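Chemist: could you work out the structure for the sequence below:
(chains A and B)
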Number of protein chains: 2
Amino acid sequence: MTDPRGEHIVRAFDAELQELEHTIVRMGGMAEAALETAVEALARRNSTVAAEVVQGDREIDLLEQQISERSIHTLALRQPMASDLREVVAALRISGELERIGDYAANIAKRAMALNQLPPMRPAHSIPRMARLVQSNIKRVLDAYVARDAELAAHVWESDEEIDETYTSLFRETLTYMMEDPRNITPCTHLLFIAKNIERIGDHATNVAELVYYLVKGQRLEGGRPKGDTSSYTVVEPPEGGRGRAATEESPKP
Amino acid sequence: MTDPRGEHIVRAFDAELQELEHTIVRMGGMAEAALETAVEALARRNSTVAAEVVQGDREIDLLEQQISERSIHTLALRQPMASDLREVVAALRISGELERIGDYAANIAKRAMALNQLPPMRPAHSIPRMARLVQSNIKRVLDAYVARDAELAAHVWESDEEIDETYTSLFRETLTYMMEDPRNITPCTHLLFIAKNIERIGDHATNVAELVYYLVKGQRLEGGRPKGDTSSYTVVEPPEGGRGRAATEESPKP
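Modeler: Next comes the predicted model:
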């Protein structure tokens, strides 16, 4: 654009887009850190740190509000077209996904506080491993966003399956512990919900991957979503008498 | 606008907004019906009906895609300002919330299929009551959307607390059943997740209420979100020896 006023408008718009992107990246970093810290608080049985994560979620929520208001302001003021429009809509939606990730991390932290009042449970050891897989997906999908890398986004999208499988096996293990001793039921229930929260965080990272792919390519990721979590169909039965062990039954197909 | 071409554009835009609204209402009706049918499938132990809900979720997903594509198309083509812009952004976001409601309803249906393989559990009786509260909120928030009724939206927003409280008491009851007999653990775990799904559906209806309020008033609902669900902090302990009963302990405050 040669008109100096036009150029000025274009530059102002670019600055707004950059500002949106920076806020998204900051928000993503905070959401990822919230997950990491919540799981650490669980592993180290540290309720003080857990309470900080619960408190900190407010800040993530405020960033989402900020992004939402700025996006709508930009839409109204700049009336962007085509790929610029996709940029603003992507920012709006990605921030929504990151806000949910923050909520789930805060819920993990709350449950860690409940667990710290109870004896340690063995299935808790599998949680950090599952969380690391999910964290790596959050990190990579933010990288994909910054680099506008559709391939990397597609790669993150596919790797959600491993997380779902880890969740399903943790689900079975935890049920077995519950069957062994009724005193394990309360802590194991919290562990089940923590694992579910992490799995959902993984789903939200997958949603971000879809949004990044669409942002870059202008079209949707092809094919059905990978789904390795079969726990909704899982039936684990205690054996006749004696202590529980994992007696499994195959999942019904819908 | 007196310019006949301008008038034509305005009329075309209004038609697009109306079309968006109709699709939202249709999608909301389908999401609400999915919840109702999933809970019926659970109560009547009917896996055929449950499988239909799982299948039907695809249709809700397609409607969300359709609304998303049309909203972005409308933003690009009409470049709406102020309240018209809020209309389009609200449609985009409300459809996202309704899509999640459909997902949770499908998950309830999957778990109903697992439960139908197992003996009936008493806590299952409390599920339909909780679901009815949530369904009524979905219905009312869609009414609020159609009527652009901010008061009704605020009312739905407040009544989420009752749902959360119902969930917390169902949570405790279910844990007690798990402690009574290890054979109850698998079915009760599915019931816990079903109840959690319904509670989350309630949260999404609350999100829609916030979006409707913002759409009408141009400002956010004031005050912290009502929260009656304290189950994340809940510790239920089995008594020394003997069968389990609900021995409760107060929740820690964060």
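
Chemist: any idea which element A:Leu118 lies in?
Modeler: Per DSSP states H and E, A:Leu118 falls between elements, in no helix or strand.

Chemist: residues near it, how many?
Modeler: By the criterion of other Cβ atoms under 10 Å in any protein chain shown, A:Leu118 has 17 neighbours. In this view, the C-beta of every residue, glycine as well, is placed from N, C-alpha and C.

Chemist: kindly report the same for A:Asp103.
Modeler: Applying other Cβ under 10 Å, we find 20 residues neighbouring A:Asp103.

Chemist: in chain A, where's the longest helix?
Modeler: helix A:4-43 (DSSP state H).

Chemist: who in the stretch 51-200 of chain A is up against chain B?
Modeler: Taking Cβ under 8 Å from any Cβ of the partner chain as the contact definition, the stretch 51-200 of chain A meets chain B at A:51, A:54-55, A:65, A:72, A:75-76, A:79, A:81-82, A:85-86, A:89, A:92-93, A:96, A:107, A:110-111, A:113-114, A:117-118, A:175, A:178-179, A:182-183, A:185-186, A:189-190, A:192-193, A:196.

Chemist: among those residues, the buried ones, what's the ChimeraX command?
Modeler: Remark: buried members of these, expressed as a ChimeraX selection using 16 or more other Cβ atoms under 10 Å in any protein chain shown:
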select /A:51,54,72,75,76,79,85,86,89,92,93,96,107,110,111,113,114,118,175,178,179,182,183,185,186,189,190,192,193,196
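
Chemist: about what we covered before: elements contacting the longest helix of chain A?
Modeler: The contact analysis (3 or more Cβ pairs under 8 Å, 6 or more residues apart in numbering or on different chains; DSSP states H and E) places helix A:4-43 against helix A:47-78, helix A:82-115, helix A:126-147, helix A:185-217.

Chemist: repeat that with 6 Å
Modeler: Identification of packing neighbours for helix A:4-43 by 3 or more Cβ pairs under 6 Å, 6 or more residues apart in numbering or on different chains; DSSP states H and E yields helix A:47-78, helix A:82-115, helix A:126-147.

Chemist: what angle sits between that helix and helix A:126-147?
Modeler: Put simply, helix A:4-43 runs at 170 degrees to helix A:126-147, going by axes from the mean of the first three to the mean of the last three Cα atoms, to 10 degrees.

Chemist: just the buried residues of helix A:4-43, please?
Modeler: A:13, A:16-17, A:20-21, A:23-25, A:27-28, A:30-42.

Chemist: B:Ala205 is nearest to which of the helices and strands packed on helix A:4-43?
Modeler: Evaluated over the helices and strands packed on helix A:4-43, closeness to B:Ala205 peaks at helix A:82-115, with 15.8 Å, by Cβ to Cβ.

Chemist: got the angle for that closest one vs helix A:4-43?
Modeler: Relative orientation of helix A:82-115 versus helix A:4-43 (the same axes, to 10 degrees): 20 degrees.

Chemist: show me what helix A:82-115 is packed against.
Modeler: helix A:4-43, helix A:47-78, helix A:185-217.
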